[in-house]
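S.K.: A predicted structure for the sequence below; I have some questions about it.
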Number of protein chains: 2
Amino acid sequence: MDIEQSKKDNQLSAIFKTLSEPNRIRILRILYHSGRELTCSEISDQLNISKSTVSYHFKALRHAGLTTTRQVAQTKYLSINQKTFKEYLPAFLDSL
Amino acid sequence: MDIEQSKKDNQLSAIFKTLSEPNRIRILRILYHSGRELTCSEISDQLNISKSTVSYHFKALRHAGLTTTRQVAQTKYLSINQKTFKEYLPAFLDSL
DNA sequence: ATTGTATTTCGATAACAATCGAACAAGGAG
DNA sequence: CTCCTTGTTCGATTGTTATCGAAATACAAT
């Protein structure tokens, strides 16, 4: 098996793994439809899950390259990383 | 949160979960590029993983609606379920 | 009926994931 | 300086996943 191909498979499956958690899809939908950046606490309130859990999901999304973060003081604003979606999941965001 | 929406999230994340395993992506690629049905044993040989593991992956793919099976005697031929991909991941197969 | 081939199921194991509350760190507001 | 808010990390728990070899099942061929 091609080793380059194999690497690509791993990256792709890592993105899928990140999206295999319903709450993460919800986070992305809220982000996409609100059209603005959102914070940990806002999501925590909207989805009724603890801040620590949201923080954990934020980290996972960021790590997979699906979101980016802008920090102002202690507050972190999350937004969608369009680049990754364009490259790997072109039609996905619109389907949300 | 919308309950219908929530159900859709769960289904979508279930598909992603199924695709979050590199070997399953490999199985789909082999299926897609070979242009024919394949068996458990063939995949087992090509990917160098045990037949029982392949069987496990086959079941997962089928369960997620990503593949279909045609049985002839004790042999099961796997093929891609185009319908599901069209509906949920339009551009995915071509990207393999 | 015995042998061989294809697949599934079982039991075990080891790794990973989601979740929470508590504790911690960093900054803003009074 | 003290309190409040925001977010991260930690430890624990609970559940899930991928993997294998062995055993079981189902059928075909001889």
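M.R.: Nice, thanks for sending it over.
S.K.: Get me the contact residues on chain A for DNA strand C.
M.R.: When proximity is defined by CB under 7 Å from any atom of the strand, chain A lies next to DNA strand C at A:17, A:20-21, A:23, A:49-53, A:56-57, A:60, A:73-74. Placement of C-beta: from N, CA and C, glycine included.
S.K.: Now the buried members of those residues.
M.R.: Taking 16 or more other CB atoms under 10 Å in any protein chain shown as the criterion, what is buried in the residues of chain A next to DNA strand C is A:17, A:20-21, A:23, A:49, A:57, A:60.
S.K.: And those residues, which is closest to B:Y88?
M.R.: Among these, A:S20 lies closest to B:Y88 (CB to CB), at 13.2 Å.
S.K.: What sits closest to that closest one if chain neighbours are left out?
M.R.: What sits nearest to A:S20 in space, not counting adjacent residues and going by CB to CB, 6 or more residues apart in numbering or on different chains, is B:K17, at 3.6 Å.
S.K.: same for the helix or strand containing that neighbour, what does it pack against?
M.R.: Element membership for B:K17, per DSSP states H and E: helix B:3-18. Contacts defined by 3 or more CB pairs under 8 Å, 6 or more residues apart in numbering or on different chains; DSSP states H and E place helix B:3-18 against helix A:3-18, helix A:22-34, helix B:51-63, helix B:82-88.
S.K.: give me that answer again for 10 Å
M.R.: Contacts defined by 3 or more CB pairs under 10 Å, 6 or more residues apart in numbering or on different chains; DSSP states H and E place helix B:3-18 against helix A:3-18, helix A:22-34, helix A:92-95, helix B:51-63, helix B:82-88.
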